[in-house]
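Chemist: Model the following, please.
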Amino acid sequence: MVKENKAKAVDEVADSLSRSKIAVLTDFRAVPASAMTQLRRQFRQAGVEYKVVKNTLTFFAAEKANKEAMRPMLEGPTAIAFGYKDEVTVSKVLADFMKTSGAALRIKGAVLGSRVLGPSEVAALTTLPSREQLVAMLTGRMKSPINGIVIMLGAPLRGLMGVLQARARQLEESAKPAAS
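Modeler: Numbers count the residues shown, from 1 in each chain. Here you go, the predicted structure:
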């Protein structure tokens, strides 16, 4: 590679590392090309960027993006999945791909912020709900006590309305002429 192209590649990877919420490193050696195309398609649909990058260039990009902790994972062929939306999507797509395709893709680890995750920790991310699901759960939990307060505060008014309606019926019945 020409020096300018290498510098540009390092800058691109450093930018992707800086912007991503999670970067999952994979070893793709045992994955057939057709399965790799399928994985790239799934990543694209999920808004994940998947790049095969030379380890030496990634090494310099990690240094530039202050993600030096990922250096031990840079051995052998490496492809990096950059998750920009949330921390869970990348691992869920990878788990789904490995389950459905049967491809022998190996997860080397991940960088989540400044923290390094091992393969088992990346796999554990698949059990977490998505951000949207967490927001919905939190909203539901916040709404429940508020509904209880509204019902509790409305109970005396409903009771008063019941008493007034009963008294109104009683007065209406006493005002009717007695049928002989």
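
Chemist: need the strands for the protein, in chain order.
Modeler: Assignment of strands within the chain using DSSP state E yields the ranges 22-27, 48-52, 79-83, 106-112, 115-117.

Chemist: quick check, distance from the third one to the centre of its chain.
Modeler: When you say that, I think you mean strand 79-83. Chain-centre distance of strand 79-83: 15 Å, with C-alpha atoms, centre = their mean, to the nearest Å.

Chemist: any idea how this protein splits into domains?
Modeler: Following automatic domain parsing, the chain resolves into domains at 3-128, 129-175.

Chemist: By mean pLDDT, show me the worst of these.
Modeler: When the domains of the chain are ranked by mean pLDDT, domain 129-175 comes last with a mean of 83.

Chemist: highest average neighbour count across the domains of the chain?
Modeler: Of all these, domain 3-128 has the most neighbours on average by mean count of other C-beta atoms under 10 Å, namely a mean of 17. Bear in mind the C-beta positions are built from the backbone N, C-alpha and C, glycine included.

Chemist: Can you lay out the strands of the chain as JSON lines showing distance to residue 100?
Modeler: Output for these, formatted as JSON lines (distance: least, C-beta to C-beta, whole Å):
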{"stretch": "strand 22-27", "distance to residue 100": "16"}
{"stretch": "strand 48-52", "distance to residue 100": "16"}
{"stretch": "strand 79-83", "distance to residue 100": "17"}
{"stretch": "strand 106-112", "distance to residue 100": "16"}
{"stretch": "strand 115-117", "distance to residue 100": "23"}
